[in-house]
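**Q** Sequence and predicted structure are below.
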Protein chains: 4
Amino acid sequence: MQYSTAPTPSDPDTRPLAAGVVGASGYAGQELIRILEAHPSIRPAVLQARSEGFDDISAEGLKNCDIVFLALPHGESRDLGEQLLELGTQVVDLGSDFRVDGWTYGLPELHREDVRVARAVANPGCYATAAILGVAPLAAAGLIDGPVHLDGKSGVTGAGRTPTDKTHLPEIYNGVTPYSVTGHRHLAEIEQELGALAGAPQPATFVPHLLPSSRGLLVTAHVRLVSPLDQADLDDLYRERYADEPFIRLGGMPAPQKLAGSNVCWINGWTDDRTGTVLITSALDNLVKGAAGQAVQNANIMLGVDESAGLTVRGLWP
Amino acid sequence: MQYSTAPTPSDPDTRPLAAGVVGASGYAGQELIRILEAHPSIRPAVLQARSEGFDDISAEGLKNCDIVFLALPHGESRDLGEQLLELGTQVVDLGSDFRVDGWTYGLPELHREDVRVARAVANPGCYATAAILGVAPLAAAGLIDGPVHLDGKSGVTGAGRTPTDKTHLPEIYNGVTPYSVTGHRHLAEIEQELGALAGAPQPATFVPHLLPSSRGLLVTAHVRLVSPLDQADLDDLYRERYADEPFIRLGGMPAPQKLAGSNVCWINGWTDDRTGTVLITSALDNLVKGAAGQAVQNANIMLGVDESAGLTVRGLWP
Amino acid sequence: MQYSTAPTPSDPDTRPLAAGVVGASGYAGQELIRILEAHPSIRPAVLQARSEGFDDISAEGLKNCDIVFLALPHGESRDLGEQLLELGTQVVDLGSDFRVDGWTYGLPELHREDVRVARAVANPGCYATAAILGVAPLAAAGLIDGPVHLDGKSGVTGAGRTPTDKTHLPEIYNGVTPYSVTGHRHLAEIEQELGALAGAPQPATFVPHLLPSSRGLLVTAHVRLVSPLDQADLDDLYRERYADEPFIRLGGMPAPQKLAGSNVCWINGWTDDRTGTVLITSALDNLVKGAAGQAVQNANIMLGVDESAGLTVRGLWP
Amino acid sequence: MQYSTAPTPSDPDTRPLAAGVVGASGYAGQELIRILEAHPSIRPAVLQARSEGFDDISAEGLKNCDIVFLALPHGESRDLGEQLLELGTQVVDLGSDFRVDGWTYGLPELHREDVRVARAVANPGCYATAAILGVAPLAAAGLIDGPVHLDGKSGVTGAGRTPTDKTHLPEIYNGVTPYSVTGHRHLAEIEQELGALAGAPQPATFVPHLLPSSRGLLVTAHVRLVSPLDQADLDDLYRERYADEPFIRLGGMPAPQKLAGSNVCWINGWTDDRTGTVLITSALDNLVKGAAGQAVQNANIMLGVDESAGLTVRGLWP
């Protein structure tokens, strides 16, 4: 049998802005297409990938795009990114190539005004987004004593679309698997951003774990304080920091399964007087706020569109 | 901490039509609210449930609604449904009370014109929707020899929000569990609809199975034929039957995990000459096309709204 | 860090019989080793595989084994199997190469006496074991009218240790995926065995499905009858057929998750008078009764050891 | 249909020691029965529970047992435990009633000689076992600076057999759920044991998380050091501490899914010079080393049986 017509979103031809997606066949690329298909003002105009059914990857093919999203494997964005900038195209790179001491770090909750004027934005890592947003208010207030202790848990989509021995279902089912215990790629950007907020180096330990699930991510932070803080003050600190943020949710018990498809980062914190620590949990959808959704959020800001455009959907749950 | 503002869909105050959701705290009720929050012309105006945070259940509180969705446990819709009709409110019942020899059977692909003029519609069961849509073209063509053999597989949300011993995660994880082998509730509506299409009684066997998953449903049909059919004729039969249907997808390998949040029923069929049978698989999201989405599709038709309104979202996958 | 001593089973040096495992690094090979490590009279003496840490694959290296298990990918057993027979070694092949019109078909419940005198046994497929054991009593009684309709569901270990695009966790999570709808490899052996029991060709349809789980398998059979049968007669038929079988469990609701690590095939059947059919479900652990356990059961019989030796463990559940 | 004979382990009548299991219908109780059925010298002689099919709970019915396992909900062991001691029966309590400042704390790796002469043993909590064994060498060496930061992840069986809203599959599937962030029941026993090793109070933070899985548990510890330690010294510290332990495995990447049914606690540690910390992960099967297996290990020691008796099975994986 052949496909019949599936329901289509509103006509993309009337949308004023054209986006290119490079790496359109991967999970982040597919998620970008899904979000852009329902976006009110940006249309997914050019789709490039190494897989069948997509255009070949080339800067030339993207030159008429208002914004280009690079969703390539880590380490493969550098040349194309620089070519696009020379062509005058605005770029959001979802890889890690430009995140540390590179392009504008595209975490709107910290760098919105920089993103607004940037032509090249490095979209943060998925774990890094949850970790930084979770700990930022404490770092900015100068409250952290010593390294931050971060524990991450992510579904398998975080490892990409290419099957590997380590992510094969029978290897990880009915369990949980730590990996990259002392050297995960996202650690550098976490320390860069928390250090900038604190005005001093802010080391961190970060142990990521693979969940027996597909989508969603949680970071739990154990943070020692330089001086005591009561729960009401902690709550105020977060409420004030994130007062007008459209994609931060505070309170309750953050759980990534309630955020599938949503661009929200859900954060809560608890003071533990006994140990002089604060415990923070932050949850998000690794493919949305941790990748494609945040990239669209950045593009919205760069292009002068409403920051929430195309990103207002509620999490699909259960 | 307390919740800060989460992103909200476009302002419901401007939407002309008011919906009531009774049983708003259950999974189908929650899914109705999720869909209606993003609906362009129907607003979720009254939310009733026995749980805290909702209005008490009463016909009186619903009398100003243009449409009322009843998402109550099976067997509990009858009285309220009849009261609402007396008050002049249009009703879509998601329970099984009125499906057999009762209200208009709300499967738009079979009964669209009846739904258009109905004031009371019984929304089909989730398994029944997949089974009937999958086998309907063969039944209508008079091609079926003897009972249809149906095998269903569903995620746990199909059993509702109340935890039970039989759906407790450790009981069903890493396996698959048959249940109600000879007497599932949906069998009667399946036989009713297929029989009506065939113009003669059409018996069926139906064995449902619980998957170790949350959402999504697949029905596999083994259908003996009265006379041989080649693959091209089978494909034509389905393409013609479902030519203009917005929510039927044909071809490929139907898999419910690709339809999460979508109102599509995905069907494919294969002829097996060796045995004189056709094998059909039909997949859907049990909470959307199998419940809340189909209910909104029915409401759209009843209210004269575009049938696809609020239902064009693509499946969230992976 | 390095491994310290893990608990070890009773000393293998005192066991009289030596086994070779070829393909020791795959899931079936690993399961064979696990079972043989705790076997009272057979020791895992030679382990060959293409992976590091194992001996190279060679018939010569196996010539002193009392029994050799071939757990190679389908299609790769033929040459080695024939060489081993020439060397005088007894062989159980877990692949499909010799199952149809080949070596003795190693389903002890049907062919125990043939296995006892065989030097070369083809171990049945995992789905085939469940399907044949489930339907055998009806076939042998001549009760089946037309094709048997079989619906299979299996965890991902059934597809082996090599990761593929189709078994990648995000592709199959939260759903169920049909495959090989009209032409699964096990269909031929199912029809061969049921036909032999019936004394006439016995066609079957068989639709396998991939579960979002790791281990365990269920086959559901819809069987039309040539003449009515009441439930008590059906129960008697199965009880008599399997009266003294150590690895058949009858009654209740078969569920593979309760059989993890067990060599039991769990079967139950229900008559459906309305449609003149019987519905049968059979569950097993695809790596044990569907592969390594049944291979050891065959080896026990061939070597004159107690048939249950090494196979008495209860399913690990939950 | 009715059950036919399933394979049975070796005859319990010849085993010299009688065990009672109170709470035999729960997950820990069922696991105790599974282990004892295959135990060479202890037989499951008396099974008491509130559920049908078991004896009523009474001290009188247990008085001839050599050992009684109490696997009751937390808080329900106290009276029965004390009655049994008065009757002269040895007791292992799997609940939390006697763990803090109560009976001998039954972690054999720390208290083997105390257990050997104890008549009443409190079996440690599942998280506590992993946390204490993971951090004990550092605590005993006086190397820990400030609170230990513990992050736990567990399958749903850790929450018991009674279904609840919070453990209902659709609520936790495809995600991970923190709970009891600042006040988990096991924290007190963790601090008690680590403090005793350190010779000074040893505070800890502990955030537990519910996995979308059934069995298995991992604790990740972030430990700041009072002075630097290189990797070789860390490895030596653990190897020496656990040199002859039958149920400690060191090295590699601990993952609970590889330990299903095994009594092993699998530990590894990494030094992180940059932050002056050590990162430790410890995995175990929460129903075995975290409950029933450790209880049998304690009983073996108390009764003068080989400590590993009945506990040598390898993890069932995949």
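**A** Perfect, thanks for sending it.
**Q** residue of the stretch 1-150 of chain A with the smallest distance to chain C?
**A** A:Tyr27 (7.0 Å; C-beta to the nearest C-beta). Backbone N, C-alpha and C define where each C-beta goes, glycine included.
**Q** isn't that residue right up against C:His168?
**A** No - at 10.3 Å, A:Tyr27 and C:His168 do not qualify as touching, with contact defined as C-beta atoms under 8 Å.
**Q** okay, and the common contacts of these two?
**A** Residues touching both A:Tyr27 and C:His168 (C-beta atoms under 8 Å, 6 or more residues apart in numbering or on different chains): A:Arg161.
**Q** Just say helix, strand or coil for the residue lying closest to A:Ala221 once chain neighbours are set aside.
**A** Leaving aside its sequence neighbours, A:Ala221 sits nearest to A:Ile280 (C-beta to C-beta, 6 or more residues apart in numbering or on different chains; 4.2 Å). Going by DSSP: H, G, I helix; E, B strand; the rest coil, the secondary structure assigned to A:Ile280 is strand.
**Q** Run through the residues that contact A:Ile280.
**A** Here A:Ile280 is in contact with A:134-135, A:138, A:220-221, A:223, A:267-270 (C-beta under 8 Å, 6+ apart).
**Q** what about the residue of the stretch 1-150 of chain A closest to chain C, how many neighbours?
**A** When counting by other C-beta atoms under 10 Å in any protein chain shown, one arrives at 25 neighbours for A:Tyr27.
**Q** mind listing what it touches?
**A** With C-beta under 8 Å, 6+ apart, A:Tyr27 has these contacts: A:157, A:160-161, A:287, A:291, B:318, C:170.
**Q** Then A:Asn263?
**A** Neighbours of A:Asn263 in contact, by C-beta under 8 Å, 6+ apart: A:247, A:285, A:288-289, A:293-294, A:296-297, A:311, B:7.
**Q** How many neighbouring residues does the residue in the stretch 51-200 of chain A positioned nearest to chain B have?
**A** Residue nearest to chain B within the stretch 51-200 of chain A (C-beta to the nearest C-beta): A:Thr157, separated by 5.5 Å. Here the count is done by other C-beta under 10 Å, and A:Thr157 has 29 residues near it.
**Q** now the strands: where do they sit in the stretch 101-250 of chain A?
**A** With DSSP state E, counting those that start in this stretch as the criterion, the stretch 101-250 of chain A has strands at A:104-105, A:120-122, A:148-154, A:177-178, A:204-210, A:217-224, A:248-250.
**Q** Only C-alpha atoms, please: export the third one in PDB.
**A** Okay, so that is strand A:148-154. Output of strand A:148-154 as PDB, limited to C-alpha atoms (Å, rounded to 0.1, in the frame of the first residue of the first chain):
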ATOM      1  CA  VAL A 148      28.700  21.400  42.500                       C
ATOM      2  CA  HIS A 149      27.800  17.700  42.500                       C
ATOM      3  CA  LEU A 150      25.600  16.900  39.500                       C
ATOM      4  CA  ASP A 151      23.900  13.600  38.700                       C
ATOM      5  CA  GLY A 152      22.300  13.200  35.300                       C
ATOM      6  CA  LYS A 153      19.800  10.700  33.900                       C
ATOM      7  CA  SER A 154      18.800  10.600  30.300                       C
END
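**Q** Is it positioned near chain C?
**A** No - contact of strand A:148-154 with chain C (C-beta under 8 Å from any C-beta of the partner chain) is absent, the minimum separation being 11.7 Å.
**Q** what mean pLDDT does that strand have?
**A** Average pLDDT, strand A:148-154: 98.
**Q** From B:Thr205, how far off is the residue of the stretch 51-200 of chain A closest to chain B?
**A** 38 Å (C-beta to C-beta, to the nearest Å).
**Q** which residues of the stretch 51-200 of chain A score low on pLDDT?
**A** By pLDDT under 70, the stretch 51-200 of chain A has no low-scoring segment.
**Q** Enumerate the residues of it near chain C.
**A** A:155-157, A:161, A:163-165, A:167-170, A:172-174.
**Q** In chain A, what residue comes closest to chain C?
**A** Counting by C-beta to the nearest C-beta, chain A gets nearest to chain C through A:Pro163 (3.7 Å).
**Q** How many residues are close by that residue?
**A** 21.
**Q** Going along the chain, name the helices of chain A.
**A** A:27-37, A:78-87, A:108-117, A:126-140, A:169-172, A:187-198, A:231-241, A:293-303 (DSSP state H).
**Q** Figure out which of these is closest to B:Ala130.
**A** Across the helices of chain A, B:Ala130 has its closest neighbour in helix A:27-37 (23.8 Å, C-beta to C-beta).
**Q** how does chain A divide into domains?
**A** Domains of chain A are assigned by automatic domain parsing as A:16-124+A:290-303, A:126-286.
**Q** do you know which of those lies nearest D:Gly61?
**A** domain A:126-286 (36.0 Å).
**Q** For A:Pro203, which non-adjacent residue is spatially closest?
**A** Closest to A:Pro203 by C-beta to C-beta, 6+ apart is A:Pro147, at 4.4 Å.
**Q** That neighbour: neighbour count?
**A** Around A:Pro147 there are 23 residues (other C-beta under 10 Å).
**Q** can you check A:Gln202 too?
**A** 21.
**Q** Now do the contacts for it.
**A** A:139, A:144, A:147-148, A:191, A:194-195.
**Q** So it versus A:Gly195, what's the distance?
**A** From A:Gln202 over to A:Gly195 (counting by C-beta to C-beta), the distance is 4 Å.
**Q** what residues are shared contacts of the two?
**A** A:Ala139.
**Q** so the residue nearest to A:Pro203 sits right up against D:Val278, yeah?
**A** No - the pair A:Pro147 / D:Val278 is not scored as a contact, 12.0 Å apart, by C-beta under 8 Å.
**Q** How about the contacts made by the residue of the stretch 51-200 of chain A found nearest chain D?
**A** Closest contact between the stretch 51-200 of chain A and chain D, by C-beta to the nearest C-beta, is at A:Gly175 (2.7 Å). By C-beta under 8 Å, 6+ apart, the contact set of A:Gly175 is A:212, D:155, D:211, D:213, D:216, D:218, D:255-258, D:283.
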